[in-house]
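*Asks:* I'll drop the sequence and a predicted model, then ask my questions.
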Amino acid sequence: MAESLIYMGRHINFSLTERTYGAWHWTYTIDGADTFSNEGAPFATRELAMSDAIRDAKDRITRVPT
């Protein structure tokens, strides 16, 4: 399942899949150019995994502005 949002003028595309029970793989792309991921992180729910991906993306954009 893919989702997207705009943060500080940057477009972030997320993809999230559950590899095995409770092991989530998330990937996001910023402005269609830079891709970042986290494989197999343990989260109890999809929502918690997506929250982690969103936090990571926002932190990265805040640290490295355009």
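*Replies:* Received, thanks. Given the structure is predicted, the values throughout are model-derived calculations rather than measurements. Residues are numbered from 1 along each chain as shown.
*Asks:* which stretches of the protein form strands?
*Replies:* Assigned by DSSP state E, the strands in the chain fall at 2-7, 10-20, 23-30, 34-42.
*Asks:* dump the residue contacts of Glu3.
*Replies:* For Glu3, the contacting residues are Asn13, Phe14, Leu16, Met50, by C-beta atoms under 8 Å, 6 or more residues apart in numbering. To be clear about C-beta, it is placed using only N, CA and C from the backbone, and glycine gets the same treatment.
*Asks:* Quick one, grab the pLDDT at it.
*Replies:* For Glu3, the model assigns a pLDDT of 92.
*Asks:* what separates it from Gly40, distance-wise?
*Replies:* 20 Å (C-beta to C-beta, to the nearest Å).
*Asks:* residue ranges with poor pLDDT in this structure?
*Replies:* Scanning the chain for pLDDT under 70 picks out 1-2, 65-66.
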